[in-house]
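Asker: Quick check, what structure comes out for this input:
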Amino acid sequence: MHCPSHLSTVIILTRDTVTEPTHTEPLAPPVDLLAIAAHRDDVELLVGGTMARTAAQGYRTGILDLTAGERGTDGSAHLRGEEADAAAKVLGVTARRNAGLPDAGLENTYETRRLVASFIRAFRPRVIILPYVTGRHPDHRIASQLAYDASFLAGLAKLDAPGEPHRPHKLLYALTYREDPVKPSFVVDITDYIETKMQAVHCYASQFDGKTWGGEVYPGGDRPLYDQVRMHAARYGSLIRTAYGEPFHVVETMQVDDVVALPVRSI
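Answerer: Okay, here's the model as predicted:
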């Protein structure tokens, strides 16, 4: 797989830079869909196909990584930043930002909620993708609740944070790799974008090359980790009778306007 060789700078913003934004350098441009995750590579693994498909449909997409991955066993924060930038280009992402919060030390506090709310106000997404609410890695669990809470606070007119109030219309929870019995609310068909997803995942050579396991995402086995990514996408694609898919959960009930046109055969 080939990753872009010309990498633009990944911007890492801390609490201090968030409290003093400039008019010439906004935190982020507006997007339609924003994916928020704890670590660089989380978005690619969980919803890379959906991000690529959404960009191809003409929507503006964004990624907010909460940490730089500085405590990862392999690679370095700088290298992972370059890999993340390359992967974002593969997926057609409009903008990728990093909140600069501590890897393996995420906390859901007023200050971190305020920080993430500032990014949400800048991105102004209609839809946000969050990690699922449970997970083996503490950062994943905390990232989910932190992103949810920040999404709510971002809409408060009197919140002491940069930017104009904004609250997303829809929150989607990524379900890829869940082993608990959570039935997806829906699955996105990524058949036409599986190779794009795989190319983006391959950008993280420091994390995945030569690996056959990776924490809660890949519990182990003899197959190369890249093969496991494809197998997971095939599993969820089978649920909607397509080659590859990515699953999502929503808390609220989904609306259907045309029951006659519903896809996926029942019998």
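
Asker: All the helices of the stretch 1-150 of the chain, residue numbers only.
Answerer: Assigned helices in the stretch 1-150 of the chain, in chain order: 15-19, 42-56, 77-91, 110-123, 138-153 (criterion: DSSP state H, counting those that start in this stretch).

Asker: Could you name the helices and strands sitting against the third one?
Answerer: For helix 77-91, the helices and strands in contact under the criterion 3 or more CB pairs under 8 Å, 6 or more residues apart in numbering; DSSP states H and E are helix 42-56, strand 61-67, strand 95-101, helix 194-202, helix 205-208. From N, CA and C alone the C-beta is placed, and that goes for glycine too.

Asker: what's the angle from that helix to helix 194-202?
Answerer: Helix 77-91 runs at 170 degrees relative to helix 194-202, counting by axes from the mean of the first three to the mean of the last three CA atoms, to 10 degrees.

Asker: contacts for helix 77-91?
Answerer: For helix 77-91, the surrounding residues in contact (CB atoms under 8 Å, 6 or more residues apart in numbering) are 3-5, 7-10, 12, 40-41, 44, 48, 51-52, 55, 61, 63, 65, 68-70, 72, 75, 96, 98, 103, 196-197, 199-201, 203-207.

Asker: among the helices of the stretch 1-150 of the chain, which is the most enclosed?
Answerer: Comparing those by mean neighbour count (mean count of other CB atoms under 10 Å), helix 42-56 ranks first with a mean of 26.

Asker: And for it, what's in contact with it?
Answerer: Under CB under 8 Å, 6+ apart, the answer for helix 42-56 is 32-33, 35, 37, 61, 63, 65, 87, 90-94, 129, 131, 140, 174, 176-177, 188-190, 192-194, 196-197, 200-201, 203-204, 217, 229, 233, 244-246, 248.

Asker: For that helix, what does the pLDDT average out to?
Answerer: For helix 42-56, the mean pLDDT works out to 98.

Asker: what's the distance between that helix and the middle of its chain?
Answerer: Offset of helix 42-56 from its chain centre (CA atoms, centre = their mean, to the nearest Å): 8 Å.

Asker: what do you get for stretch 187-200?
Answerer: 14 Å.

Asker: List the contacts of that stretch.
Answerer: Here stretch 187-200 makes contact (CB under 8 Å, 6+ apart) with 1-3, 44, 48-50, 52-53, 56, 87-88, 90-91, 226, 229-230, 233, 236-237, 239-240, 242-248.
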